[in-house]
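In: Provided below for reference: sequence and predicted model.
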Amino acid sequence: MRVIAGKYKGRKLSAVPGQNVRPTTDRVKEAMFNLIRNKVEDAVVLDLFAGSGALGIESLSRGASSVVFCDHSREAVNVIKSNLEKINSESQIISKDYRACISELALRGFVFDIIFIDPPYESKIENEVLTLIAEKEILNAGGIIVLERKRDDKPYKLPVEFNDSIVRDYGGTTISILKRETKAAVTGSFDPFTLGHKYLVEKGLEKFDMLHVVILINPDKNPRYGVQKRLRFIEKSLKEYKKKIKISYFEGLVVDYCKQNGIKYLVRGLRTPAESQYEEEMAEYNKTHGDITTLFIKAKDIQISSSLVRDRINAGEGVDGLIDKSIIKEIIAEDKKWKT
């Protein structure tokens, strides 16, 4: 185990002995810091569940202004001290569990730019840790959380305050970069994604920092386009907003997706009065069962719909003005395959 880059590049670091501490591999560490390379310089950093302190020391090597290390294990604290001596640093070390550490830091007025969270695999404490960080307000408004987890661990629930803006898999490890952001979801079958849907996303981004654009899988429906095709159509149609959206699909209810991702708002479009009653009933259900508020946005053009796109293509007519120009050729080509 070594320092990957910066002024301490190549320095060898000691690991905590035994099987209970799992150090971040050099490969994963390098990939992790590539994701946050523009955030580290001059940052105030918290290395929670620090273990050997490798993540905090890597931060110092890359220009972080200060790092606080936290670990409840006396053995780990001794290794952190030894590794800090190798770079002549006198950083703060708190020998307490994560709850006590977060509470103490909040009482002392600490606010961090980067918080590393690498809890024991399968500990299932991610949601509690993130909730404590949000409640104690120890992350700056523009700060980030770097969460390392076992790739096949069960999903955790994101607190309302955070959004996982970047998620990457490296072998058996998943790295998530979380930000404090307002967020909402735009859901539907998107079969296919239209300019009406795009308008809804654009209006939603005027109100929220991040939008989840979610294809809902209904086993009782037989969509014209497969999930992967629909994901691709959405990605191409919204390419200019790629840093502000998360595109995914979900097999289940809207309320379940929102609960899992800490989302309290849905953005829905209204095209005709006939839709209002159904939409209001769904909004009431989502509010009752998930405390989710629905924001309705009047459609810019009430004629645009996925069914109209399909009808036009079936009739051999053009779809200009109904879907994004970037996907017209692909949709037409896909329909030719669909008909054969």
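Out: Great, that's in hand.
In: rest of the way, CA atoms for contacts and neighbours
Out: Will do.
In: any chance you could map the helices in the chain?
Out: Per DSSP state H, the chain carries helices over the ranges 26-35, 54-61, 74-86, 98-107, 126-136, 195-205, 227-237, 254-260, 273-290, 306-314, 328-339.
In: which residues sit in contact with residue 109?
Out: Going by CA atoms under 8 Å, 6 or more residues apart in numbering, residue 109 touches residue 138.
In: same check, this time on residue 252
Out: Contacts for residue 252 (CA under 8 Å, 6+ apart) come out as 216, 217, 218.
In: wait, which of these is closest to residue 196?
Out: residue 216 (17.4 Å; CA to CA).
In: how many neighbours does the residue lying closest to residue 271 once chain neighbours are set aside have?
Out: Closest residue in space to residue 271, ignoring its immediate chain neighbours: residue 302 at 4.7 Å, by CA to CA, 6 or more residues apart in numbering. Counted with other CA atoms under 10 Å, the neighbours of residue 302 add up to 12.
In: just residue 246 next, same as before
Out: 18.
In: follow-up on the earlier one: packed most tightly, which of the helices of the chain would that be?
Out: Most buried of the helices of the chain, by mean neighbour count (mean count of other CA atoms under 10 Å): helix 54-61, with a mean of 26.
In: how near is residue 196 to residue 317?
Out: 19 Å (CA to CA, to the nearest Å).
In: who does residue 320 bridge with?
Out: Taking DSSP bridges as the rule, residue 320 bridges to residue 323.
In: no, scratch that, I was asking about residue 214
Out: Listed by DSSP bridges, the beta-bridge partners for residue 214 are residue 187, residue 248.
In: Contact partners for residue 53?
Out: By CA under 8 Å, 6+ apart, the contact set of residue 53 is 47, 69, 79, 80, 83.
In: What is the least confident helix or strand in this protein?
Out: Least confident helix or strand of the chain, by mean pLDDT, DSSP states H and E, is helix 328-339 with a mean of 76.
In: tell me which of the contacts of residue 53 is nearest to residue 292?
Out: Nearest to residue 292 among these, with distances taken as CA to CA, is residue 47, at 33.7 Å.
In: Count the neighbours of the closest one for me.
Out: Residue 47: 24 neighbours (other CA under 10 Å).
In: Likewise for residue 8?
Out: For residue 8, using other CA under 10 Å, the count is 17.
In: what's the closest non-adjacent residue to it?
Out: Among residues not flanking residue 8 along the chain, residue 61 sits closest, at 5.2 Å (CA to CA, 6+ apart).
In: In the chain, which strand is the longest?
Out: Assignment by DSSP state E gives strand 139-150 as the longest strand of the chain.
In: Let me know the average pLDDT across that one.
Out: Taken as a whole, strand 139-150 has a mean pLDDT of 92.
In: any weak-confidence spans in the stretch 201-340 of the chain?
Out: 336-340 (pLDDT under 70).
In: picking that back up, adding distance to residue 146, write the helices of the chain out as TSV.
Out: Listed next are those as TSV, based on distance: least, CA to CA, whole Å:
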stretch	distance to residue 146
helix 26-35	8
helix 54-61	10
helix 74-86	20
helix 98-107	15
helix 126-136	11
helix 195-205	24
helix 227-237	25
helix 254-260	19
helix 273-290	28
helix 306-314	38
helix 328-339	37
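In: Of all these, which one comes closest to residue 17?
Out: helix 74-86 (8.3 Å).
In: Can you pull out the residues in contact with the closest one?
Out: With CA under 8 Å, 6+ apart, helix 74-86 has contacts from 11, 13-16, 50-53, 57, 71, 90-91, 93, 95.
In: could you give the mean pLDDT of that helix?
Out: Across helix 74-86, pLDDT averages out at 94.
In: That one to helix 54-61, inter-axis angle?
Out: 20 degrees (axes from the mean of the first three to the mean of the last three CA atoms, to 10 degrees).
In: Using the record's domain definitions, break the chain down for me.
Out: Domain assignment for the chain, taken from automatic domain parsing, gives 26-180, 183-339.
In: Throw those into TSV and include distance to residue 7, thanks.
Out: TSV is the format used below for those (distance: least, CA to CA, whole Å):
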stretch	distance to residue 7
domain 26-180	5
domain 183-339	31
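In: So for residue 2, which of those domains sits nearest?
Out: Closest of the domains of the chain to residue 2 is domain 26-180, at 7.2 Å (criterion: CA to CA).
In: what's the span of that closest one, first residue to last?
Out: Separation of the first and last residues of domain 26-180 by CA to CA is 28 Å.
In: just stretch 244-259 next, same as before
Out: Separation of the first and last residues of stretch 244-259 by CA to CA is 20 Å.
In: try stretch 82-95
Out: Stretch 82-95 has an end-to-end distance of 15 Å (criterion: CA to CA).
In: Out of the contacts of residue 53, which is nearest to residue 186?
Out: residue 47 (34.8 Å).
In: what sits opposite that closest one in the beta ladder?
Out: Here residue 47, judged by DSSP bridges, has bridge partners residue 69, residue 116.
In: I'd say it and residue 58 touch.
Out: No - counting by CA atoms under 8 Å, residue 47 stays clear of residue 58, with 10.6 Å between them.
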